[in-house]
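Colleague: Could you look at this predicted model? Sequence included:
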Amino acid sequence: EAAKARFVARNQTSLKLHNEAAQSLPGGNTRSLLHNAPFPVYMERGTGYQVISEDGDTYTDLVGELTAGLYGHSNPIIHATLKSTLDNVGLSLGATTKLESQHARLICERFQLDRIRFTNSGTEANLHAIQAARRFTGKRKVVVFTGGYHGAVFCFSSGKPASNNIDLSDWVVAEYNNVEDAKSTIESTSDVAAVLVEGMQGAGPCIVGTDEFLHAVQASAKKANAVFILDEVMTSRLAPGGLQSVVGLKPDITSFGKYLGGGITFGAFGGRADVMAVYDPRDGSALAHSGTFNNNTLGMAAGFVGLSQIWTPEVATSFNAVGDALRKRLQGAAEGTKMTVTGRGSIIGIHFLQDGCKQLFDIKDRKDDPVLKELFWLEMLEDGFWITRRGSIALILSTPQSEMDRLVGGVETFLKRYERLV
Ligand code: PLP
């Protein structure tokens, strides 16, 4: 209660802005994830690896725009590209452009895809990947997994679809990281068009799929003649060729999003040429694929420059090693407490669990200690760390090592200060 009272006292401008916003946005909010009781912190601007609140506080940005903010708020190469695109190309041209084909070629090369198509978001990428699978197989159902999040309406956190917007009978939910359940569900359900899975569940946050599980899902999808869709919207930044290259998977279709648009709204899906051909407009019976901003000039240009000049394979490898090292230090600090640290590479999940530090294989293993969870978030804010309320961290390329050291120190101090609770 004391920490919450300090939060309210410190963020009075945010409170005022929140009350005003609630007059036009339900709950003052346009992204549920950013909701926080009693009110969220309003950010005024970002610079480099930091964000600055309307209340005048500077935070080290560990939210990293849920992995899309990999390049930070003012990467000079991204900025110069956006400016020169505005000056020399203009905003979306209502036409096909070279910007789009060069980015497509590069992503295909990097992630070993035959063909790719762009969308406005990761949600849309999954929507189209599923539609392609349905047309290609002539079947209907989609197997997904408990705790899975594939975008706005495709959320299975409670083990059931959490949206009224999708037809429940089209979806079959199997247990994440449960090899037997995955096999029997995929192979014994009739009419399965696609199996859609994340290699690491972002919303967990960061529940890592085991290699054995992911390979079993891939093999069963093949057996069932279903399209195997790997959702790499979050995980494609975990290695030069995405998580699939680390685990040795060969999805039929992969969905992408986030940083691959250089920080501008972005999504893509791609893979096997024969599956993607369902969208080839030279075929009179092809599926339509529309989206006014699918090939928007800013995202195509910034995404290409980011992937070709900043996020080179070498940088992808070394930066994820930085994340691995940070996670190990946090895991060390968590030993013997209720804190559990999960994740892979540059994406980290911090949990406070009622039954103490343990490995998480499925969302049902996660019984949060809500008091500790909230206290941690509030105390990290006071220490100057902007972190998601759910406890996920997506590192920004320019975050200095000294801030990561400070984070480890802050976590250690927190665990000591609340020794009797943790
Ligand atoms: N799939 C996964 C694994 C995600 O993490 C997200 C977003 O967080 C999405 C899909 C949806 O992407 P977008 O928010 O761009 O619609």
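Modeller: Looks like it arrived, so ask away.
Colleague: Could you pull out the helices in the stretch 1-150 of the chain for me?
Modeller: In the stretch 1-150 of the chain, the helices defined using DSSP state H, counting those that start in this stretch lie at 2-10, 12-21, 76-88, 98-111, 122-137.
Colleague: Let's see the pLDDT reported for residue 420.
Modeller: The model reports residue 420 with a pLDDT of 82.
Colleague: Over to residue 153?
Modeller: The model reports residue 153 with a pLDDT of 82.
Colleague: Check whether it really touches residue 171, as I assumed.
Modeller: No: here residue 153 lies out of contact with residue 171, judged by C-beta atoms under 8 Å, at a distance of 10.9 Å. For every residue, glycine as well, the C-beta is placed using N, CA and C.
Colleague: ok so residue 172 is a strand residue?
Modeller: Yes: using DSSP: H, G, I helix; E, B strand; the rest coil, the secondary structure at residue 172 is a strand.
Colleague: Name the nearest residue to the spatially most central residue of the chain, ignoring sequence neighbours.
Modeller: The residue lying closest to the centre of the chain (C-alpha atoms, centre = their mean) is residue 234, at 3.5 Å. Nearest residue to residue 234, sequence neighbours excluded (C-beta to C-beta, 6 or more residues apart in numbering): residue 202, at 4.2 Å.
Colleague: Pull up the residues of the stretch 101-250 of the chain that are close to the ligand.
Modeller: Applying C-beta under 6 Å from any ligand atom, we find that the stretch 101-250 of the chain lies next to the ligand at 121, 122, 123, 126, 149, 150, 151, 198, 202, 231, 233, 234.
Colleague: Show me what the fifth one is bridged to.
Modeller: Listed beta-bridge partners, residue 149: residue 155 (assigned using DSSP bridges).
Colleague: How much space separates it from residue 392?
Modeller: 11 Å (C-beta to C-beta, to the nearest Å).
Colleague: ok, residue 309 to residue 420 distance?
Modeller: Taking C-beta to C-beta, one finds residue 309 at 51 Å from residue 420.
Colleague: Would you mind telling me which of those two has the busier surroundings?
Modeller: residue 309 (13 against 5; other C-beta atoms under 10 Å).
Colleague: and the closest residue in space to that one that isn't next to it in sequence, what does it touch?
Modeller: Of all residues not flanking residue 309 in the chain, residue 77 sits nearest, at 5.6 Å (C-beta to C-beta, 6+ apart). By C-beta atoms under 8 Å, 6 or more residues apart in numbering, the residues touching residue 77 are 305, 306, 309, 310.
Colleague: do the same with residue 107
Modeller: Applying C-beta under 8 Å, 6+ apart, we find residue 107 in contact with 113, 116, 256, 260, 268, 270, 307.
Colleague: Could you rerun that using 6 Å?
Modeller: Residue 107 makes contact with residue 116 under the criterion C-beta atoms under 6 Å, 6 or more residues apart in numbering.
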